[in-house]
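Q: need a structure here:
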Amino acid sequence: MVVEGEVFVRSVRGSKGRWYREISSNPEGALHVKDTRIPVRADPATDEPTVDAVSAAFRSKYQKSSPASTEAMVRPETLPTTLKLSPA
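A: Numbering: from 1, shown residues only. A predicted model of the protein is given here:
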């Protein structure tokens, strides 16, 4: 999700999500877009205004097309898994 020019991700499975556990233990990772690998660093986004803005962006983008999935992404237990991705 992009919020004010910054990239955020969140684990729909909360802290149990495999990719979330892996990048939490080693914050250097990569996004793969088609044939391009983009190195990133993942840092927790813990401040409430940012987490709320990411939730609002999920709702704005996906609520109409996928309401159940959207609600899964904004459950209280998923909010602490919000990560900001920065170029590595």
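Q: and stretch 30-38, how far apart are its ends?
A: Stretch 30-38 has an end-to-end distance of 5 Å (CA to CA, to the nearest Å).
Q: And for stretch 67-82, what's in contact with it?
A: Residues outside stretch 67-82 that contact it (CB atoms under 8 Å, 6 or more residues apart in numbering): 8-15, 17, 20, 44-46, 50-51, 54-55, 58-59, 62-63. In short, each C-beta sits where N, CA and C put it, glycine included.
Q: pLDDT score assigned to Asn26?
A: Looking at Asn26, its pLDDT stands at 97.
Q: I'd like to know how far it sits from Ala88.
A: 11 Å (CB to CB, to the nearest Å).
Q: Give me the more crowded residue out of these two.
A: Ala88 (12 against 8; other CB atoms under 10 Å).
Q: Shouldn't Val54 be within a helix?
A: Yes - Val54: assigned to a helix according to DSSP: H, G, I helix; E, B strand; the rest coil.
Q: Buried among the contacts of stretch 67-82? Need that as a selection in ChimeraX.
A: Buried subset of those, written as a ChimeraX selection, criterion 16 or more other CB atoms under 10 Å:
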select :8,9,10,11,14,17,20,45,50,51,54,55,58,62
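Q: I'd say Phe58 and Val3 touch.
A: No - at 9.8 Å, Phe58 does not count as touching Val3 under the criterion of CB atoms under 8 Å.
Q: per-residue pLDDT, the residue nearest to Val40 when sequence neighbours are not counted?
A: Spatial nearest neighbour of Val40, chain neighbours left out: Leu85 (4.4 Å); criterion: CB to CB, 6 or more residues apart in numbering. You'll see Leu85 listed with a pLDDT of 98.
Q: Right, I'll leave it there.
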